[in-house]
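Enquirer: Give the three-dimensional model of this entry:
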Amino acid sequence: MEKLRFVEFSLVLIVFLLTVFLFLEVRLSGFAIDSQNLILSSNDFLSEDNILVYPDKIVIKISNASIQNYADTKSMVPIITYNTNGIVVLPKSEDELRVGDIISFRHKENEFVHRIVEISEDEQGIYFITKGDNSNVYDDKVRFEEITGLVVGLIY
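Expert: Numbers count the residues shown, from 1 in each chain. From the prediction side, this is the model:
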C-alpha cells in the first residue's frame, strides 16, 4: 500500500514538474501563443535563478505573489481550464505589462482573466485591450486601476 502511494505521488509530481517547466519555458523564452497560434511578445518575469528544484519540492521565488483560482472560466481554454490556479503579482506600473501577458482585472463589477492583445493611449491615458484566448470578442478598454494581477505562473 505504501509503495502504491509513493508511485501515485511520484506520478503527480512528475506531471506537475512537466507542467511547470513547459509553462516556464514559454514564459522564459519571452513569447506566448494565442488561440490563433500567433506568437506575441511577453514579459520575461521569472529568471531560472528564481526556480529551485529539490527532490521533494519546487520553490519559485516571487515577491508579493498571491494565488487566484479560476474555477469557472472557458474564455482562456486551453491555457487556463476549470479550477486552474494562477500565481499573480500586482504590477506597480503600466510599464510592467506587455502584449501577450495574461492579467486579471475587474471591469463593470465582473472579474476577468484575459490576455493583453493591444496597449494604446487616449485622452484618459494608457489602456489595455484584452481578449480570452478561446474567444473572438475583444474586451472594452481596461485601465491600469482595474488590474488585480499579472499572471506569472499557472498550476493545474
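
Enquirer: Enumerate the beta-bridge partners assigned to residue 126.
Expert: Residues found in beta-bridge contact with residue 126 (criterion: DSSP bridges) are residue 121.

Enquirer: show me the contacts for it.
Expert: When contacts are counted by C-beta atoms under 8 Å, 6 or more residues apart in numbering, residue 126 is found next to 94, 119-120, 143-144. All C-beta spots, glycine's among them, are computed from the backbone N, C-alpha and C.

Enquirer: Kindly report the same for residue 72.
Expert: With contacts taken as C-beta under 8 Å, 6+ apart, residue 72 has the following neighbours: residue 82.

Enquirer: That one falls within a strand, correct?
Expert: No. Per DSSP: H, G, I helix; E, B strand; the rest coil, residue 72 lies outside any strand segment and is coil.

Enquirer: State the distance from it to residue 121.
Expert: Here the criterion is C-beta to C-beta, to the nearest Å. By it, residue 72 lies 33 Å from residue 121.

Enquirer: circling back to that earlier point, which one of the contacts of residue 126 is nearest residue 106?
Expert: Minimum distance to residue 106 across these is 10.4 Å, recorded for residue 143 (C-beta to C-beta).
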